[in-house]
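A.B. asks: Sequence first, predicted model second:
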Amino acid sequence: MHSSDWQKSGFSEANNNCVEVRAVAGVIELRESDEGVIVRTTARRFGAFLQGAKAGEFDHLIAATA
């Protein structure tokens, strides 16, 4: 896969109702599959976000919608 291709998690829904990510022109972009780019950030900031997500810092947001 080329880094400028949109990538979604293997945990995403089958109907493309998901958040996708790609690296392009030195930045990380995130989008909802049906909405367009919603976030553009640096690799360093995205890495920090991923570390927080892996550590469970945002789990309360998911529990609130379940």
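C.D. replies: That came through, no problem.
A.B. asks: Could you use CA atoms for every contact and neighbour count after this?
C.D. replies: Will do.
A.B. asks: what does the helix or strand bottoming out on mean pLDDT in the chain contact?
C.D. replies: Across the helices and strands of the chain, mean pLDDT, DSSP states H and E gives its lowest value to helix 59-65, namely a mean of 80. With CA atoms under 8 Å, 6 or more residues apart in numbering as the test, helix 59-65 has contacts from Ala53.
A.B. asks: Run through the residues that contact the closest residue in space to Asp5 that isn't next to it in sequence.
C.D. replies: Sequence neighbours aside, Arg22 is the residue nearest to Asp5 in space, at 6.0 Å (criterion: CA to CA, 6 or more residues apart in numbering). Residues counted as contacts of Arg22 (CA under 8 Å, 6+ apart) are Ser3, Ser4, Asp5, Trp6, Gln7, Ile28, Glu29, Leu30.
A.B. asks: The first one: how many residues sit nearby?
C.D. replies: The one in question is Ser3. As a burial measure, Ser3 scores 12 neighbours (other CA atoms under 10 Å).
A.B. asks: Tabulate the contacts of Arg22 in CSV, adding columns for secondary structure.
C.D. replies: Shown next, in CSV, are the contacts of Arg22 (DSSP: H, G, I helix; E, B strand; the rest coil):
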residue, secondary structure
Ser3, coil
Ser4, coil
Asp5, coil
Trp6, coil
Gln7, strand
Ile28, strand
Glu29, strand
Leu30, strand
